[in-house]
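*Asks:* coords please:
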Amino acid sequence: MPIDDAVETCRQMWASGRFESDDPLNPSPTPGAVPEAFTTCVTDDGIAAIVPGRVECSVLKLHPWND
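*Replies:* Model (predicted):
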């Protein structure tokens, strides 16, 4: 999945309420609030790691993504 798609997927997951419910198998979670900002980092394997908010990737032991 391209990194740009990963960011949009995260937005959709937040909006759908997937991160709001205590039950990950809940078939109809309550819609959630989408964070205003995301930080895009990259793992050592080149996989996108999308983090809500503004965070330094190095704090998470990840690499910054340069688009």
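
*Asks:* I'd say Val42 and Trp65 touch.
*Replies:* Yes - under the criterion of Cβ atoms under 8 Å, Val42 makes contact with Trp65 at 4.9 Å. Any C-beta I mention is one placed from the backbone N, CA and C, and that applies to glycine too.

*Asks:* What residue, apart from its backbone neighbours, is nearest the residue nearest to the spatial centre of the chain spatially?
*Replies:* Closest residue to the average C-alpha location of the chain: Ile50 at 3.6 Å, with Cα atoms, centre = their mean. Closest residue to Ile50 in three dimensions, ignoring its sequence neighbours and counting by Cβ to Cβ, 6 or more residues apart in numbering: Cys10, at 4.3 Å.

*Asks:* sec struct for the one you found, please.
*Replies:* Here Cys10 is recorded as helix under DSSP: H, G, I helix; E, B strand; the rest coil.

*Asks:* Which pLDDT value belongs to it?
*Replies:* According to the prediction, Cys10 has pLDDT 90.

*Asks:* show me what contacts it?
*Replies:* Taking Cβ atoms under 8 Å, 6 or more residues apart in numbering as the definition of contact, the neighbours of Cys10 are 38, 50, 52.
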